[in-house]
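[1] Take this sequence and fold it.
(4 chains)
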Number of protein chains: 4
Amino acid sequence: MIVVTSPHVPEERIAEIVQYIEKNGVQAHVSRGTDRTVIGIIGKSDPALFEHLREHLQGMKGVENVIKISKSYKLASRDFHPDDTIIEVKGVKIGGDNLVVMGGPCAVETPEQIDEIARLVKAAGGQVLRGGAFKPRTGPYSFQGIGVEGLKWMKEAGDKHGLVTITEVMTPEAVEVCAEYADIMQVGTRNMQNFDLLRKLGTIRKPVLLKRGFSATYDEWLNAAEYILAGGNPNVMLCERGIRTFETYTRNTFDLAAIPVVQQLSHLPVIADPSHATGRRELVETMTKAAVAAGANGLIIEMHTDPDNSATGDGVQSLFPDQFARLLKDLERLAPLAGKKFDTPKEPEEAFRTWKK
Amino acid sequence: MIVVTSPHVPEERIAEIVQYIEKNGVQAHVSRGTDRTVIGIIGKSDPALFEHLREHLQGMKGVENVIKISKSYKLASRDFHPDDTIIEVKGVKIGGDNLVVMGGPCAVETPEQIDEIARLVKAAGGQVLRGGAFKPRTGPYSFQGIGVEGLKWMKEAGDKHGLVTITEVMTPEAVEVCAEYADIMQVGTRNMQNFDLLRKLGTIRKPVLLKRGFSATYDEWLNAAEYILAGGNPNVMLCERGIRTFETYTRNTFDLAAIPVVQQLSHLPVIADPSHATGRRELVETMTKAAVAAGANGLIIEMHTDPDNSATGDGVQSLFPDQFARLLKDLERLAPLAGKKFDTPKEPEEAFRTWKK
Amino acid sequence: MIVVTSPHVPEERIAEIVQYIEKNGVQAHVSRGTDRTVIGIIGKSDPALFEHLREHLQGMKGVENVIKISKSYKLASRDFHPDDTIIEVKGVKIGGDNLVVMGGPCAVETPEQIDEIARLVKAAGGQVLRGGAFKPRTGPYSFQGIGVEGLKWMKEAGDKHGLVTITEVMTPEAVEVCAEYADIMQVGTRNMQNFDLLRKLGTIRKPVLLKRGFSATYDEWLNAAEYILAGGNPNVMLCERGIRTFETYTRNTFDLAAIPVVQQLSHLPVIADPSHATGRRELVETMTKAAVAAGANGLIIEMHTDPDNSATGDGVQSLFPDQFARLLKDLERLAPLAGKKFDTPKEPEEAFRTWKK
Amino acid sequence: MIVVTSPHVPEERIAEIVQYIEKNGVQAHVSRGTDRTVIGIIGKSDPALFEHLREHLQGMKGVENVIKISKSYKLASRDFHPDDTIIEVKGVKIGGDNLVVMGGPCAVETPEQIDEIARLVKAAGGQVLRGGAFKPRTGPYSFQGIGVEGLKWMKEAGDKHGLVTITEVMTPEAVEVCAEYADIMQVGTRNMQNFDLLRKLGTIRKPVLLKRGFSATYDEWLNAAEYILAGGNPNVMLCERGIRTFETYTRNTFDLAAIPVVQQLSHLPVIADPSHATGRRELVETMTKAAVAAGANGLIIEMHTDPDNSATGDGVQSLFPDQFARLLKDLERLAPLAGKKFDTPKEPEEAFRTWKK
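    Residues are numbered from 1 along each chain as shown, chains lettered A, B, ... in the order given. Sure, this is the predicted structure:
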């Protein structure tokens, strides 16, 4: 951490700053420039101490700027944990050179719907079934999800077809019931900084998929992961799902460079969500491939047997089952070029022959 | 609401769309252009129905775009409630031509700190005491607030000095205890779309100050207010606190045009937060005046007796007590030019004479 | 300037970096941390040298980051020129405690139009007549301006009514003819980094109003001013006209904090453009007042006698003449509260009685 | 185009709007809703007329909003020109299922530098040599390019090694000299809306690579292309090079979805620039692959034999020659999965054996 003073600060001010730093058990190195003085803070790398110092120093008189050199998170950092984290759920490995595909509807609607979609996800080569039972909606008059009943239907479908399941959890209180029925807990983009929810998820051991807030920096995202890790749950995966920018033609701007950047900064697996990132079905296939080429450890893709009648209106971004199956065939060929392993069943066509639009 | 088709959509597709619209009890007006067809939806203004229609229509084949003409919120809209909402708390009026000033520290630290600051807020002419007991922090290693004890100290200080109090509530479960001690519940920028919290706040009657999410559109902000209003609590005020943009010199970009825009769209009072919007003490005075000139119904301003040693590091944006008092004197002269009433005590100097930096 | 190395860089790398710095005639101060080493560069403040160093250093092996401490511009900086620049044009003073109002149509259309508008600007108390003869338009099929003929009409109107004139210049070649007819040269938002145009404007002495690029940082904006100043023309004023953000309800987001920030960083006058910043007539009055309260040295406001039939479609943001006159009356009362002087004629009503919508 | 009125507009206002539309030779279809009236404009698709109408209508009283349904550009649109444009330069095809790789330094520095880099670009399988002779720089004190001499050196290197050449042209006057020496004219991000430059490039026939403005929407970008096409030059390719967002860790946010989106909207080839989009060498390889997977028709990549000593400081984003060659080998395997053709020479190793870092 570096403290930059205002121009021409008197010596006694500098002495006060140095004294404050040193009474906290770290060292201060002073470099006097022509206008400003730069004070480097050196010592054991303790994020809590450095955060405390930063907060105080930037309010002190004579301080123009405090610049972080080391990161404010630790457990999420690759400096601290150089090897890739590989999360294993019911035999499915997430992280490292594995490619995982999560597919399914935006919302669970009926037992038949989720069962049929699960069958098709499995037939296409997907390993995880996604589906929402509680839905975060911008307005109070939109469909808010089926609730616990939907979790049960999804669990049955997952068990029957041999799929791991993932569902969104929106509140600390819902963590228990969601963890009872689903294998992976998803934190949505609007909840990335719902700190009570993050703390609660730190107390369980089920894996958590943490979506990036649609306006969160990489640093804020990794700090949010740090909340879960610091609570004792090491099974965190990150999910890039698009950010908000001035361009509104696509629902969000898919920040694919986030994948290699965050893989450098952190050891946690990075999943990409091309459905929410683009919001348009005709872009999902192309951007899924781009995400794999960018090094994603997995994908979470919306697929629906009847998107025109989806309960949430996200049908517009859901793939049809046959599109989904073709896409996974393409990923099988693409994955090795990105250093990843991914296999699809030999003859998925049979499964799709019995599906009627 | 308007449905725009893709170019050269076959007649039977258009018929399907029209049929879907009309079976929902509203009318469809079809205008055929050279390439695209435009279908207007006309009927009783029911946001829930229109939201449902929009969600389904935008997923239907042959639909290129669905454009909302009327708003997706109702209770928050000035169309529905043409007169300004005026919220009264312990004799303080918020809304209409009243100007309200809320001042105080980022975080409650000790009983002495909050008592002394309350004394100075009152002496300067402020009507509301702000102070956080639970703090939302980006990283898990930052100071997280004093907790319930802090709420008690603030209540005592408010009662003693005749000030209304406001504090941030971060979770549905904390609503009860916060509402026991404080007069106004504040929802922070990261919680603007914490829908469970909003629903819970709809069940109480204490006023709620809803901060704009730092990347929320006006529409999303008013929809968040709608959650509280729809729950039965009519006492909502909005708070502009800066948005996230490419410019990082200031902590946020203070979107002052939000004030007149939201006052046109809605009847709810709009408060401005120049402290978080700028993040720099030397800008707070100027931007407070600009907010009043832009028509704000009130201000929420950080003030601290010893900002260099503030617990949260937000000291850098806190005014000193004498600055705060001078600023309120300026507002007394400025308010009438913006059609607002604001008075400060005749001789605040006495109060400040006893304050030592 | 500070160089931060990658973690655990070998000593010989650090030696190379230090050697490179010192052979350029400045000093290197090395602070070794536990992971990274920080090298401060200290010496005479020469932006050209520092820019050269920064460019090379950030490409060197072992360098993680190069952080600028001092500014990359000099002549535009308040450090270099502590007193406010006051530009005088035909007796009108711009800068310091003077408030200047520039009013007029988006585009010059006919001699009668510009003459009538000039009369009304003068009657209301404005000092400068604005009007475009060459218009920058997003698409090639939009109205592109009247050309040189328009400049002549505007000059006649300005001379007749005793107003200074300002017009937009879009290319280096057009500088000469614009400078022949108009008093102030305006650089539009899309041309803020048209470096050839800036260099050309550095060779004349007529004042230049430099609009902020709609996505330019404060630093880029002041560097653009530096191009003009470095060419020898000291008469530069800056103009905040709104930036592009995710919020699209208003045409741009009016970044009013830019006014006090840039006035701190620089000695140049700052003008505000509420018309382009909001794009909506009903917001212009309020946001003009907010800009004055924020400390603007002047305003540039669109006004039109028949906005419904304006040639450019910017009519939607143009004030009517009587609105404009009322607004200037309000500014007369507001200016002193912001430390500015502004007077309007005693009886403007006469002038407006003869104006027919 | 659709006109939406304000709520409860009187009939005579609607009649005026309809009358205005119809006197322009197009039809108005009126749909009366409960609050607002919607007027569809139907007729021959003439962008110039529609732009003119839009500009006037949005300023008319009683009009709340004017919504474009058809596009404001025509020649750039795939509706107008359904087949992919394929540009041929000296035997190199750009567009359709061809993948083109452009490589070279940010700036031409010496004849030896550009000759050696040209040799290595060719050996690796690149078809086009990039290099800047005139450089747009944020500050006036940065290196501004070698000038015409650099163009000559690049032409010699291109001729000698059998490469097409591309260089940036910054002003209308420089078009002639650049077109004399280079094969493709590049328009930089800051000049995307330099309309005089675009008009000038419409008068030549050499191909133009039009970079997206770093804050330009897709619509503005295609309108800028329309300026060149409308001038008579059909040889335009577009280049996505990253946009400015709140995330500043990478130099820009690489908007890869722009590739499939713009390929849907337009028939023009889309090139990707991973060097400027990321600004970090270690991300360039990964993001190049992602761009190809996203369907790019080509790449423009910075490569330098001695990036640590590059003249412009963009060395930090330049690949080393061996990295560049390995990357092109990878693209050879990746291209077919994206439906593209790309071949590299059988044994490039020889060429690289003679290159010494």
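
[2] Phi, psi for A:E64 please.
    phi -90, psi -40 (degrees, to the nearest 10).

[3] Could you measure from it over to chain D?
    Look at A:E64 and chain D: by C-beta to the nearest C-beta, to the nearest Å, they are 19 Å apart. (Each C-beta comes from the backbone N, C-alpha and C, glycine too.)

[4] What residues of stretch A:167-179 count as buried?
    A:167-172, A:174-175, A:178-179 (16 or more other C-beta atoms under 10 Å in any protein chain shown).

[5] from the middle of its chain, how far away would that stretch be?
    Distance, stretch centre to chain centre, for stretch A:167-179: 17 Å (C-alpha atoms, centre = their mean, to the nearest Å).

[6] Could you tell me the average pLDDT over that stretch, please?
    In this model, stretch A:167-179 has an average pLDDT of 94.

[7] Now tabulate the buried residues of stretch A:167-179 in CSV and tack on secondary structure and distance to C:I146.
    CSV is the format used below for those (DSSP: H, G, I helix; E, B strand; the rest coil; distance: C-beta to C-beta, whole Å):
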residue, secondary structure, distance to C:I146
A:T167, strand, 63
A:E168, strand, 58
A:V169, coil, 62
A:M170, coil, 59
A:T171, coil, 62
A:P172, helix, 65
A:A174, helix, 65
A:V175, helix, 67
A:C178, helix, 66
A:A179, helix, 70
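
[8] Between all of the residues you listed, which two are separated the most?
    A:T167 and A:P172 (15.6 Å; C-beta to C-beta).

[9] and A:P234, that one's in a helix?
    No - using DSSP: H, G, I helix; E, B strand; the rest coil, the assignment for A:P234 is coil, not a helix.

[10] Just give the closest residue to it, not the sequence neighbours.
    Nearest non-adjacent residue to A:P234, counting by C-beta to C-beta, 6 or more residues apart in numbering or on different chains: A:T85, 7.0 Å away.

[11] I figured the one you found was touching A:N297, is that so?
    No - using C-beta atoms under 8 Å, A:T85 makes no contact with A:N297, being 9.8 Å away.

[12] hey, what's in contact with both of those two?
    Taking C-beta atoms under 8 Å, 6 or more residues apart in numbering or on different chains as the contact rule, A:T85 and A:N297 both touch A:95, A:269.

[13] does the closest residue to chain D within the stretch 1-150 of chain A count as helix, strand or coil?
    Residue of the stretch 1-150 of chain A nearest chain D, by C-beta to the nearest C-beta: A:K71 (11.8 Å). Secondary structure state of A:K71, per three-state DSSP, is coil.

[14] returning to what we had before: who has more neighbours, A:T85 and A:N297?
    Comparing A:T85 with A:N297 by other C-beta atoms under 10 Å in any protein chain shown, the one with more neighbours is A:N297, at 27 against 20.

[15] which residues touch the residue lying closest to the more buried one once chain neighbours are set aside?
    Sequence neighbours aside, A:P269 is the residue nearest to A:N297 in space, at 4.0 Å (criterion: C-beta to C-beta, 6+ apart). By C-beta under 8 Å, 6+ apart, the residues touching A:P269 are A:84-87, A:94-96, A:237-238, A:297-298.

[16] swap in A:D314?
    So A:D314 contacts A:106-107, A:275, A:302, B:59 (C-beta under 8 Å, 6+ apart).

[17] that older thread, which of the contacts of A:P269 fall in strands?
    Using DSSP state E to define strands, the subset of the contacts of A:P269 located there is A:87, A:94, A:237-238, A:298.

[18] which of those residues lies closest to chain C?
    Taking C-beta to the nearest C-beta as the measure, chain C sits nearest to A:L238 out of the ones in strands among the contacts of A:P269, at 22.2 Å.

[19] Regarding the closest residue to that closest one other than its chain neighbours, what are the backbone dihedral angles?
    Sequence neighbours aside, A:V270 is the residue nearest to A:L238 in space, at 5.0 Å (criterion: C-beta to C-beta, 6+ apart). Per-residue torsions, A:V270: phi -120, psi 120 (degrees, to the nearest 10).

[20] can you check A:V18 too?
    In this entry, A:V18 is assigned phi and psi values of phi -60, psi -40 (degrees, to the nearest 10).

[21] returning to that earlier point: how about the contacts made by the residue of the stretch 1-150 of chain A closest to chain D?
    Applying C-beta under 8 Å, 6+ apart to A:K71 gives the contacts A:47, A:77, A:79, A:219, A:222, A:265.

[22] Same list (these) but as a markdown table, adding pLDDT and neighbour count.
    Listed next are those as a markdown table, based on pLDDT from 0 to 100; neighbours: other C-beta atoms under 10 Å in any protein chain shown:
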| residue | pLDDT | neighbour count |
| --- | --- | --- |
| A:P47 | 72 | 23 |
| A:S77 | 93 | 22 |
| A:D79 | 85 | 15 |
| A:D219 | 94 | 17 |
| A:L222 | 97 | 26 |
| A:L265 | 95 | 19 |
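
[23] give me the subset of the residues you listed touching chain D.
    A:D219 (C-beta under 8 Å from any C-beta of the partner chain).

[24] May I have stretch A:210-222 as CSV, with CA atoms only?
    What follows is stretch A:210-222, C-alpha atoms only, in CSV (Å, rounded to 0.1, in the frame of the first residue of the first chain):
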residue,chain,number,x,y,z
LEU,A,210,-21.5,-16.7,-7.3
LYS,A,211,-22.7,-14.6,-10.2
ARG,A,212,-20.9,-11.3,-10.8
GLY,A,213,-23.0,-8.3,-10.0
PHE,A,214,-23.9,-6.6,-13.3
SER,A,215,-21.9,-3.5,-12.2
ALA,A,216,-19.3,-5.2,-10.0
THR,A,217,-15.6,-4.8,-10.6
TYR,A,218,-13.3,-7.9,-10.5
ASP,A,219,-12.1,-6.7,-7.1
GLU,A,220,-15.6,-6.5,-5.7
TRP,A,221,-16.5,-9.9,-7.1
LEU,A,222,-13.5,-11.6,-5.5
